[in-house]
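K.L.:
Would you be able to build a 3D model of this:
(chains A and B)
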Number of protein chains: 2
Amino acid sequence: MIGTAVIISTGEELISGKVVDTNSTFIADRLFAVGVRVAAVIKVGDDREKLLWAFSQARELGDIVVGTGGLGPTADDLTTELVAEFLGVNTKLDGDVAASLTARFAKRAVDFTGNNLKQATFPSDAIIIPNPNGTAPGFRVGFGGGKQLIWLSGVPHEMSTMMRESVLPWIIEQNGGQSTIHEATFKIHGVTESKLDDLMKPLNLSDNAKLAFRAHFPDLTLRLTVSGGAAQLEKFTTLRGQIKTILDDYIYADSEITLESVVGQLLLHNQRTLALAESCTGGLISHRITQVAGSSAYFLGAAITYSNAEKIRSLGVRPETLARAGAVSQDTALEMSHGIRKRTGADIGLSVTGVSGPSGGSREKPVGTVWVSICQDQFHQAKLLDLVILSDRERIIQGTAQAALNWLRQRLSNN
Amino acid sequence: MIGTAVIISTGEELISGKVVDTNSTFIADRLFAVGVRVAAVIKVGDDREKLLWAFSQARELGDIVVGTGGLGPTADDLTTELVAEFLGVNTKLDGDVAASLTARFAKRAVDFTGNNLKQATFPSDAIIIPNPNGTAPGFRVGFGGGKQLIWLSGVPHEMSTMMRESVLPWIIEQNGGQSTIHEATFKIHGVTESKLDDLMKPLNLSDNAKLAFRAHFPDLTLRLTVSGGAAQLEKFTTLRGQIKTILDDYIYADSEITLESVVGQLLLHNQRTLALAESCTGGLISHRITQVAGSSAYFLGAAITYSNAEKIRSLGVRPETLARAGAVSQDTALEMSHGIRKRTGADIGLSVTGVSGPSGGSREKPVGTVWVSICQDQFHQAKLLDLVILSDRERIIQGTAQAALNWLRQRLSNN
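P.N.:
All right, here's what the predicted structure looks like:
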């Protein structure tokens, strides 16, 4: 039974503060999802003595140890030989891995040096963990006392695939599960993390059924994981259904995709084109929409109208409206969405105007006051967003873009 | 003499993978800058046994231990009492801190509970480290054998101020320096990290003079630190001068500010207004410009013209030009920068048009082909950026925005 793990991250760049270690966070998150508790994370440089210390401490604290880094071909890549030294075993050259490395280098017409064979060398008795995205495979080896050491590439996208394809299925199997884990991810907008926590209280969770939140403003992700294979499928289906019922329209996606991708898919599916009129968001919504590959199929363009003169010139906002109601007002937002739609001929015009601060706020319109408007066929409405609580310019801009995209998503979903 | 340190980060959110630990990276980076080598980083949850283990291991490995987290008022904040237990000393309530906490809560009209006094409690004999940005001060306490334990708030902007104002000056003083460290930061564009490494080889560095690179695409930062107080000022000045001479126009700022802030300051100083015509960058340049507070003083707006029709309508690009040279061409870029300047009346028009991929590339214009143009008074030029090597859509968009802003900066600096 694997109940606890220790994670080791190695590399000089980690302990000199040059690079933020995201590998250990990813690994901890995935281990948590399969019910393994992380006792500690240890980061050390490419240093013999410190690595040996890390091995011995990690073995004390965890049923398994998952490490990353130091598997490369250069002299400062010490992991394999030190693991062998620590275990008192020899290293072995794996013929299959060596052949595949040689072929790979030949194909790229890159010189293959003796050093590269280091990546085909493993502690004897190690089980090799394939690395489909890179040249250095990982390994798993008995660590004494029924414990196991697992070592993976330190390159994030290589490590994540190795975790997903090899390490997690093996852990689940060791823990007596069929090697399947049921998992559902929900991307959420419109509730705070603490509210979400409250809403999930009625769920009947247990040791094998877990919920995890991850807040990365303005994104909020909820993940349900149920381990235990086919026998637990019904439980998983029930919980997933309950979550969907409780959160309903707060859920904007049921997979790890961005809100702008969801909006893009809906525009494509509904065969609608979009144009934007942004003031306080200053181009962020447009940037997010165009980060999606293929967005030119539905996105015509945007007018970023930071000045009143530009609102008049590019969007046909009436000077009287600006004088009477102000740039941050329902009427201006409505005229902006109508204006951009008319000018570009897009099916949908979306506009945003607000006070993102730090200056420019007033008693009636404090920093965080934002109007959003959508214009489409007969539908022409504006909505007030109260983001005063976000207080900081960057968060108001980010929160506004998210809320505007989410309103557009709701509108497209109901069409 | 403080030569080595161990960093401890605590919190359940760190070992369950919910939050990336950036505190330890920041602390490692700052320690490195004052010549202290980090032997290891240890992360544990809010767990008595694991914290005591971390204390004892850290004391073995480092001359000092710098920890964060667990200083709050709730039951899972264990740090202070566990440090006292580990050292075999009592805790004490600090009258000044308690009075200041009480006053702070009274001012906010928030209920002050007995729990909050936890934040005024310290191991006896501890030196209190002020926390100007929060309610929980930190402390420094003798750890046995001439070693010292330093504990700081886990809230990043509180921790960073405590490091800068209290911890680093103390370390420098302990190491016999006047408590001054000479530091210069250079923000860089136009060279790769490995090229930068080569260019810096001729510098005469030493134990007390260090260079550190930090690459966070598209940003590249170089930092020179010379410790040793007034006696080393001349050495510092010489090195800083050499770096400026070698890198010259690759340096876009000599402090930790963004390229869009530099551009903003130059526009303000030169009293020039800006308007943008963006195609492949889809609003990112506009977003970056408007992230700077006060940008409405010089930024009029942007046209994000994703379609050819929008390039014609909003910017007056001639259909013949699009038909003859294509949307991604020198002529189109020139007409775009001229068009946006003319339409908005801005002093400077900046345009971008390119192939960001993944589709849309051809043999003559592969993905990564980008034209940038600036139109200002008599100056009307376009420049080809070859970003084919970046290959991925997100990086091409980011790299294009950076290169375009940097060209604008060079132009404004020479005016």
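K.L.:
where along the stretch 51-200 of chain A do the helices fall?
P.N.:
Defined through DSSP state H, counting those that start in this stretch, the helices belonging to the stretch 51-200 of chain A, from first to last, are A:79-87, A:95-107, A:156-162, A:168-174, A:193-199.
K.L.:
Now render those as CSV, adding distance to A:Gly72, mean pLDDT and mean neighbour count.
P.N.:
In this view, the C-beta of every residue, glycine as well, is placed from N, C-alpha and C. Putting those into CSV (distance: least, C-beta to C-beta, whole Å; pLDDT from 0 to 100; neighbours: other C-beta atoms under 10 Å in any protein chain shown) gives the following:
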stretch, distance to A:Gly72, mean pLDDT, mean neighbour count
helix A:79-87, 9, 95, 20
helix A:95-107, 12, 83, 13
helix A:156-162, 11, 92, 18
helix A:168-174, 24, 91, 18
helix A:193-199, 39, 83, 13
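K.L.:
out of those, nearest to chain B?
P.N.:
helix A:193-199 (10.2 Å; C-beta to the nearest C-beta).
K.L.:
who's in contact with that closest one?
P.N.:
A:188, A:191, A:213, A:215, A:220, A:222, A:246-247 (C-beta atoms under 8 Å, 6 or more residues apart in numbering or on different chains).
K.L.:
can we see that at 10 Å?
P.N.:
Contacts with helix A:193-199, where a contact means C-beta atoms under 10 Å, 6 or more residues apart in numbering or on different chains, come from A:186, A:188, A:190-192, A:211, A:213-215, A:217, A:220, A:222, A:243, A:246-247, A:250.
K.L.:
what's around the nearest residue to A:Ile340 once chain neighbours are set aside, how many residues?
P.N.:
If the residues on either side of it in the chain are set aside, A:Ile340 comes closest to A:Ala277, at 4.0 Å by C-beta to C-beta, 6 or more residues apart in numbering or on different chains. Each residue near A:Ala277 was counted by other C-beta atoms under 10 Å in any protein chain shown, and the total is 33.
K.L.:
Kindly report the same for A:Gly241.
P.N.:
Using other C-beta under 10 Å, A:Gly241 has 11 neighbouring residues.
K.L.:
So for whichever strand or helix holds it, what gets flagged as buried?
P.N.:
Here A:Gly241 is covered by helix A:233-247, with elements defined by DSSP states H and E. Of the residues in helix A:233-247, those scored as buried under the neighbour-count criterion (16 or more other C-beta atoms under 10 Å in any protein chain shown) are A:235-236, A:239-240, A:243, A:247.
K.L.:
rewinding a little: filter the contacts of helix A:193-199 down to the ones close to chain B.
P.N.:
Restricting the contacts of helix A:193-199 to those within reach of chain B (C-beta under 10 Å from any C-beta of the partner chain) leaves A:213-215.
K.L.:
Redo those residues as CSV? Include secondary structure, neighbour count and pLDDT.
P.N.:
As requested, these are exported to CSV (DSSP: H, G, I helix; E, B strand; the rest coil; neighbours: other C-beta atoms under 10 Å in any protein chain shown; pLDDT from 0 to 100):
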residue, secondary structure, neighbour count, pLDDT
A:Phe213, strand, 15, 77
A:Arg214, strand, 17, 75
A:Ala215, strand, 14, 74
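K.L.:
hang on, the earlier thing: can you put the helices of the stretch 51-200 of chain A in JSON lines and add distance to A:Thr369?
P.N.:
As requested, those are arranged in JSON lines below (distance: least, C-beta to C-beta, whole Å):
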{"stretch": "helix A:79-87", "distance to A:Thr369": "55"}
{"stretch": "helix A:95-107", "distance to A:Thr369": "58"}
{"stretch": "helix A:156-162", "distance to A:Thr369": "40"}
{"stretch": "helix A:168-174", "distance to A:Thr369": "47"}
{"stretch": "helix A:193-199", "distance to A:Thr369": "23"}
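K.L.:
Mind checking those helices for the one nearest to A:Leu31?
P.N.:
With respect to A:Leu31, and counting by C-beta to C-beta, the nearest of those is helix A:168-174 at 7.6 Å.
K.L.:
pull the CA atoms of the closest one into CSV?
P.N.:
Listed next in CSV are the C-alpha coordinates belonging to helix A:168-174 (Å, rounded to 0.1, in the frame of the first residue of the first chain):
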residue,chain,number,x,y,z
LEU,A,168,0.1,6.9,-11.8
PRO,A,169,-1.2,3.6,-13.3
TRP,A,170,1.5,1.7,-11.4
ILE,A,171,0.6,3.4,-8.1
ILE,A,172,-3.1,2.7,-8.6
GLU,A,173,-2.3,-0.9,-9.4
GLN,A,174,0.0,-1.2,-6.3
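K.L.:
what residues does that helix touch?
P.N.:
Here helix A:168-174 has contacts from A:1-2, A:5, A:30-31, A:33-36, A:63-64, A:66, A:127, A:129, A:140, A:148, A:150, A:162-163, A:177-181, A:227-229, using C-beta under 10 Å, 6+ apart.
K.L.:
buried subset of those residues?
P.N.:
Buried among the contacts of helix A:168-174 by 16+ other C-beta under 10 Å: A:2, A:5, A:30-31, A:33-36, A:63-64, A:66, A:129, A:140, A:148, A:150, A:162-163, A:177, A:180-181, A:227-229.
K.L.:
Which ones among those residues map onto strands?
P.N.:
Helix and strand membership here follows DSSP state E; of the buried ones among the contacts of helix A:168-174, those in strands are A:5, A:64, A:66, A:129, A:140, A:148, A:150, A:181, A:227.
K.L.:
what helix or strand does A:Ser24 sit in?
P.N.:
A:Ser24 is located in helix A:23-33, with elements delineated by DSSP H and E.
K.L.:
and after that helix, which helix or strand comes next?
P.N.:
Counting by DSSP H and E, the element that comes right after helix A:23-33 along the chain is strand A:37-44.
K.L.:
now that following strand: how far from the chain's centre is it?
P.N.:
The offset between the C-alpha centroid of strand A:37-44 and the centroid of the whole chain comes to 22 Å, using C-alpha atoms, centre = their mean, to the nearest Å.
K.L.:
Repeat that for stretch A:230-240.
P.N.:
Remark: stretch A:230-240 is offset 25 Å from the chain centroid, using C-alpha atoms, centre = their mean.
K.L.:
contacting residues around it?
P.N.:
Taking C-beta under 10 Å, 6+ apart as the criterion, the residues outside stretch A:230-240 that touch it are A:177-178, A:180-184, A:186, A:200, A:203-206, A:208-209, A:211, A:224-228, A:254.
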